[in-house]
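**Q** okay, here's the prediction I keep looking at, along with the sequence it came from:
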Amino acid sequence: MSNYNFIQLRVEEAVGIIELYRSEVLNALNRKMVDEIVEALESYDRNERIRTIVITGNEKAFAAGADIEEMANDDPVTLEKLNQFAVWDKIALVRKPIIAAVNGYALGGGFELVLNCDIIIASEKAMFGFPEVNIGAMPGAGGTQRLTKVIGKTKALEWLWLGETMSAKEAYQLGVINRLVAPEIVFEEAMKFAKRLSKQAPLSLKLIKEAVNKAVDSSLQDGLQLERKNFYLLFGSKDQKEGMKAFIEKRQPNFTGE
Ligand code: CAA
């Protein structure tokens, strides 16, 4: 794959940039788009000219989650066969530093993509959240595990259960993001950080990343497997069908617990 439909790539000095490019649906991540992001990450990781990677979206959205229309009618068996989240595991194998430059919405899968990055530079207008509960679903690409590891169980449950959007300031106070900056300079700040990292010894950066990930991820795989099964299971429920249908029809859902 070298022709990308949903992302744009460019290189500035030793920084490989990935711009999410599906603005008509707030960069909602369909399966092809996730494949493209992972392929781009892997190709930058292999490219010796590239030292650091920056992922960004646009002013309104980093990414507003997985593509609800694409999955609304899926059932657990389809999801299990597709094994759509397996490709996400490859992001954790990228050895170079990945910086997220976040403006606007980073929700659901979009927030999960951010949490897969190593450094997060966010605009004061960025909004983070896991709204899956509002559509009868739950995060499936690592959200329950990675958020909990960053902010702890009680805060994570509050965030995941209420499905509310959190301001960048709150996310900063909880230690989710590294830097909070004005919207106009978020990409510039991410690039500054990336260029600074690009001057550090590449092998040190890689081995430090590996060691730090080891510190936080020791039981992540077990958690991810459980989360994935539960995500697939919810697609056997009437509430998931109702929740996603209501989103598409732009109305409030009526949940019955089935
Ligand atoms: N999937 C598909 N389409 C989406 C989308 C998504 N996640 N998010 C937004 N869109 C589409 C909208 O349907 C709309 O399309 P049309 O113009 O064709 O109607 C377009 O993007 C613009 O969106 P809105 O009109 O809704 O914009 P808004 O400013 O009024 O609201 C928003 C913004 C609050 C982010 C709202 O779009 C929203 O709630 N989006 C869904 C967020 C969500 O539930 N994300 C989680 C998805 S599930 C998931 O991610 C599972 C996982 O773990 C992988």
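**A** Received the coordinates, thanks.
**Q** use CA for all of it now, contacts and neighbours both
**A** Will do.
**Q** for L180, which non-adjacent residue is spatially closest?
**A** In space, and not counting its chain neighbours, L180 is closest to A122: 5.1 Å by Cα to Cα, 6 or more residues apart in numbering.
**Q** who's the one you found bridged to?
**A** Legend: beta-bridge partners of A122 under DSSP bridges are V102, L180.
**Q** now do the contacts for it.
**A** A122 is in contact with A100, A101, V102, N103, A168, I177, N178, R179, L180, V181, P183, V186, counting by Cα atoms under 8 Å, 6 or more residues apart in numbering.
**Q** quick one: the third one from the ligand, how far?
**A** According to Cα to the nearest ligand atom, to the nearest Å, V102 and the ligand sit 14 Å apart.
**Q** count the residues that sit near that residue.
**A** Using other Cα atoms under 10 Å, V102 has 35 neighbouring residues.
**Q** can you check the second one too?
**A** The local packing of A101 (other Cα under 10 Å) involves 28 other residues.
**Q** for A66, phi and psi?
**A** phi -60, psi 160 (degrees, to the nearest 10).
**Q** correct me, but it touches V34?
**A** No: applying Cα atoms under 8 Å as the test, A66 and V34 come out as separate, 9.2 Å apart.
**Q** what about those two, which has more around it?
**A** A66 (25 against 22).
**Q** residues in contact with that one?
**A** A28, L29, N30, G108, G109, G110.
**Q** from the residues you listed, list the ones also adjacent to the ligand.
**A** A28, G108, G109 (Cα under 6 Å from any ligand atom).
**Q** okay, buried residues for stretch 95-113 please.
**A** Residues 95-113 are the ones in stretch 95-113 that count as buried (16 or more other Cα atoms under 10 Å).
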